[in-house]
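Asks: Need a 3D model of the sequence below.
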Amino acid sequence: MNNDEDAVSGNSKEDSKEKKHPLLEGLVDAQALRTMSRSDLTALAAEIRDVLCNLLATRTAHFASNLGVIELCIALHCEFDFQKDHLIWDTGHQVYPHKLVTGRYHEFPSIRTRGGLMGYPNPSESVYDLFMTGHAGASISTAVGLRSGDLLTGHSDRRTVAVIGDGAFPSGMVFEALNNAGELEDDLTIILNDNKMSICPRVGAVATYLDRLRSNPYYTGLKTEVVRLLEHVPMFGDPTERLLAQMKEGVKAGLLGGMLFEELNIRYVGPIDGHDIPLLRKYMAMVREMKGPVLLHVVTEKGHGYKPAAEDPVFFHTPPAFRVEQAEDAATPSSGCPPFTLHARNAIAKKMAEDDRVTIITAAMCQGNKLEPIREQFPDRFFDVGICESHAVAFAAGQCKMGLRPIVDIYSTFLQRSYDQIFQEVTLQDLPVVFMLDRAGLTGPDGPTHHGLFDIGYLRVFPNIVIMAPGYASEVERMLDAALAYDHPVAIRYPKASALELDRNIEPVEIGKSERIREGIDGTIIAFGSMLDQALAAAEILDGDLDVGVVNARFAKPIDLDMVHSSIEAGKFVITVEEHTKMGGFGSAFVESAVERRLDTRQVHCLAIDDRYIDHGDRDELLAEQGLGAKQIVARCREAAGLVASYST
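Replies: All right, here's what the predicted structure looks like:
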């Protein structure tokens, strides 16, 4: 990779040591790209690829998607001035090239580390970042709003560009926005980045439609000429006029393609090669001057320019760190206990083998939820609906009505996109949908857009639903057993973390009942779900000073009222610990239950996430920062017991 870069940029090895990426190092912002030569832009693309490959030598990061948009990013910044114009990147994990060309090269080694650059757009970093975009499908809606705002405030000369991938395109919100954009007829440029992927290969009828457009044998130039000719076909009176109009639209449909968009009053241009910078610039300059909404269909390849990533873009979406020269052998997993996600997958597979009523539904997260073996083993009962979480939940409700037992396996942060369907279609109907909430808690380097810190709060308010969380590995299967045997909605939340292994002869999980793991006479730590390991570690540290009991709460709703009563009535301190926001979380439920029973809550201390959005960083660092690490729990126990704290928070 480095030798290739030297050859492209024309530098000697000595010069390369002094300035490894001379073009990137000299960029204060993206203005310079607009005057660069074609050869310099090609060299710039090579430098960006080298930076991305070198980044993976130090940490996991979004990779294949960023390799695929390098030329697209360069062309955008060449043809638009995004210090003035507006640029929205849909699903912002593909903004690494954008960050590099907008003056953040020297900070780039800090990306996805605590205190460093975010792996998504971040308005606090740069004027080039307008929204912190971490979820898919919202770009066109916000772009329409930006354009409307410009018109109302007298800035009609500004251009607005939304870049959206084909994986995000089937999202319901996208079609709501297209419907609005076509009606308003305001100037708007939509770049459809078509790489035949979301994280996994995308699914559905829209994907098939885009495949047909991409395989159209006619070049855009020919299509344009045909349309221009057709515009001059004279129209006569009825019925001849109707006949010619039908012929005109039929020819356009056959040669032009993109009629889905044209019928929505959105001009369609393309498809074009998304890795040809001069071609991209030519077409961006053209669509920039078009009036009304226009969609430019750009075909790219995930992992472009790096063979292993291009051949396996699913693995290379966020691969583990590796040395570039050994990338082909980079699939070594991290050490430690298997993650909760793997235990959940295995439990789901077992239940599907035992009961043919059980189905699994995911929203384009087959790989993230480790469901590939289930997809292969049970293809008729595996449903990937694409990035359409609202549809996934309503779809599950429909299956329930037919006597099936669907499991909706979605990240905590993405499930909230289906909030209305959880209310109207599931809990209001009291249907036994099982929600598996992966990534519930702090997701580390993915940061505030992906932390699953709100699900207890947004689910607990609904009648009929049960909310539980496993504290250790073998509990996952037992909780799923209980959920599928329960004739009401159930949510099971678990983190992006290794699952604690406890040598316990676990009994079947009873709805609304906690589990005492350790006895103690000086106080009690009540851990909800993923915090059990930190609670047990804290109790071990305290041995000799305090004899502290540990309870595995298991349920946030219904909460174990007997456990609440016995913990408080002991007359000692009680500390609740959870990987969730304090408002509306398990601790809130605990205190509410105690108040309803007129119990004294003065010795109850709730440890949870602060009422703010938490930055990205290592999960253990973030837990400690939030007072949820073992040492911080120890300090709170000693303080609650009236002892002098000997551990720093």
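Asks: hey, C-alpha coordinates of stretch 144-164 in PDB?
Replies: The C-alpha trace of stretch 144-164 is given here as PDB (Å, rounded to 0.1, in the frame of the first residue of the first chain):
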ATOM      1  CA  VAL A 144     -35.800  19.000   2.300                       C
ATOM      2  CA  GLY A 145     -36.000  20.900   5.600                       C
ATOM      3  CA  LEU A 146     -32.700  22.700   5.000                       C
ATOM      4  CA  ARG A 147     -33.800  23.700   1.500                       C
ATOM      5  CA  SER A 148     -37.100  25.000   2.800                       C
ATOM      6  CA  GLY A 149     -35.200  27.000   5.500                       C
ATOM      7  CA  ASP A 150     -32.900  28.500   2.900                       C
ATOM      8  CA  LEU A 151     -35.900  29.700   0.800                       C
ATOM      9  CA  LEU A 152     -37.600  31.200   3.800                       C
ATOM     10  CA  THR A 153     -34.500  33.000   5.000                       C
ATOM     11  CA  GLY A 154     -33.300  34.400   1.700                       C
ATOM     12  CA  HIS A 155     -30.500  31.900   0.900                       C
ATOM     13  CA  SER A 156     -31.900  30.400  -2.300                       C
ATOM     14  CA  ASP A 157     -28.500  30.400  -3.900                       C
ATOM     15  CA  ARG A 158     -27.300  27.600  -1.600                       C
ATOM     16  CA  ARG A 159     -27.400  24.000  -2.800                       C
ATOM     17  CA  THR A 160     -28.500  21.100  -0.600                       C
ATOM     18  CA  VAL A 161     -27.100  17.600  -1.200                       C
ATOM     19  CA  ALA A 162     -28.200  14.400   0.500                       C
ATOM     20  CA  VAL A 163     -26.000  11.200   0.100                       C
ATOM     21  CA  ILE A 164     -28.000   8.100   0.800                       C
END
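Asks: That one: which residues count as buried?
Replies: Val144, Leu146, Arg147, Ser148, Asp150, Arg158, Arg159, Thr160, Val161, Ala162, Val163, Ile164 (16 or more other Cβ atoms under 10 Å). In this view, the C-beta of every residue, glycine as well, is placed from N, C-alpha and C.
Asks: residues touching the residue nearest to Tyr96 when sequence neighbours are not counted, list them.
Replies: The shortest distance from Tyr96 to any non-neighbouring residue, by Cβ to Cβ, 6 or more residues apart in numbering, is to Asn66 (4.2 Å). Shown in contact with Asn66 (Cβ atoms under 8 Å, 6 or more residues apart in numbering): Leu52, His93, Gln94, Val95, Tyr96, Pro97.
Asks: Could you pick out which of the buried residues of stretch 144-164 are located in helices?
Replies: Val144, Leu146, Arg147, Ser148, Asp150 (DSSP state H).
Asks: which of those residues lies closest to Phe131?
Replies: Leu146 (9.4 Å; Cβ to Cβ).
Asks: neighbouring contacts of stretch 439-448?
Replies: In contact with stretch 439-448 (Cβ under 8 Å, 6+ apart) are residues 59-61, 112-113, 118-120, 132, 134, 411-413, 450-453, 455, 469, 493-497, 529-530, 579-580, 609, 613-619, 622-623, 626.
Asks: Against Ala143, how distant is the residue nearest to Val604 when sequence neighbours are not counted?
Replies: Leaving aside its chain neighbours, Val604 sits nearest to Val574 (4.8 Å; criterion: Cβ to Cβ, 6+ apart). Val574 sits 50 Å away from Ala143, going by Cβ to Cβ, to the nearest Å.
Asks: Looking only at neighbour counts, state which of the two leads.
Replies: Ala143 (27 against 23; other Cβ atoms under 10 Å).
Asks: contacts for the strand or helix carrying Leu480?
Replies: Using DSSP states H and E, Leu480 maps to helix 475-484. With contact meaning Cβ under 8 Å, 6+ apart, helix 475-484 is reached by 340, 343-344, 346-348, 350-351, 355, 358, 405, 407, 432, 434, 436, 466, 468, 470, 490, 492, 494, 499, 506-511, 552, 554.
Asks: Make a PyMOL selection of the buried ones in these.
Replies: Applying 16+ other Cβ under 10 Å to the contacts of helix 475-484, the buried members can be selected in PyMOL as follows:
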select buried, resi 340+343+344+346+347+348+351+358+405+407+432+434+436+466+468+470+490+492+494+499+509+511+552+554
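Asks: Next step: the contacts of helix 475-484 restricted to helices.
Replies: Among the contacts of helix 475-484, the ones falling in helices (DSSP H) are Phe340, His343, Ala344, Asn346, Ala347, Ile348, Lys350, Lys351.
Asks: from these, which is closest to Val393?
Replies: The shortest approach to Val393 among the ones in helices among the contacts of helix 475-484 belongs to Ile348, at 17.1 Å (Cβ to Cβ).
Asks: Isn't that closest one up against Ile407?
Replies: Yes: Ile348 is within contact range of Ile407, at 5.9 Å (criterion: Cβ atoms under 8 Å).
Asks: Residues that sit against both of the two, list them.
Replies: Common neighbours of Ile348 and Ile407, counting by Cβ under 8 Å, 6+ apart, are Val358, Ile360, Met436, Leu480.
Asks: Please, where are all the helices along the stretch 451-600 of the chain?
Replies: Using DSSP state H, counting those that start in this stretch, the helices of the stretch 451-600 of the chain run over 455-460, 475-484, 532-542, 561-569, 586-596.
Asks: Quick one: residues contacting Asp560.
Replies: By Cβ under 8 Å, 6+ apart, Asp560 lies in contact with Gly512, Lys513, Ser514, Ala553, Arg554.
Asks: circling back to that earlier point, now the contacts of stretch 439-448: which count as buried?
Replies: Members of the contacts of stretch 439-448 classed as buried by 16+ other Cβ under 10 Å are 60-61, 112-113, 118-120, 132, 134, 411-413, 450-453, 455, 469, 493-497, 529-530, 579-580, 609, 614, 616-619, 622-623, 626.
Asks: and these, which of them are in strands?
Replies: Tyr411, Arg493, Glu579, His580, Ile609 (DSSP state E).
Asks: I'd like these as a markdown table, with pLDDT appended.
Replies: Converted to a markdown table, those look like this (pLDDT from 0 to 100):
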| residue | pLDDT |
| --- | --- |
| Tyr411 | 94 |
| Arg493 | 97 |
| Glu579 | 96 |
| His580 | 96 |
| Ile609 | 96 |
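Asks: Same list, those residues, but as TSV with distance to Ala440 please.
Replies: TSV is the format used below for those (distance: Cβ to Cβ, whole Å):
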residue	distance to Ala440
Tyr411	8
Arg493	4
Glu579	7
His580	8
Ile609	12
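Asks: So of those residues, which two are at opposite extremes in space?
Replies: Spatial extent of those (Cβ to Cβ) is set by the pair Tyr411 and Ile609 at 16.9 Å.
Asks: contact partners of stretch 281-289?
Replies: The contact list for stretch 281-289 (Cβ under 8 Å, 6+ apart) reads 75-76, 78-80, 159, 189, 220, 267, 269-270, 272, 294, 296.
Asks: Among those residues, which lie within helices?
Replies: Ala75, Leu76, Cys78, Glu79, Thr220.
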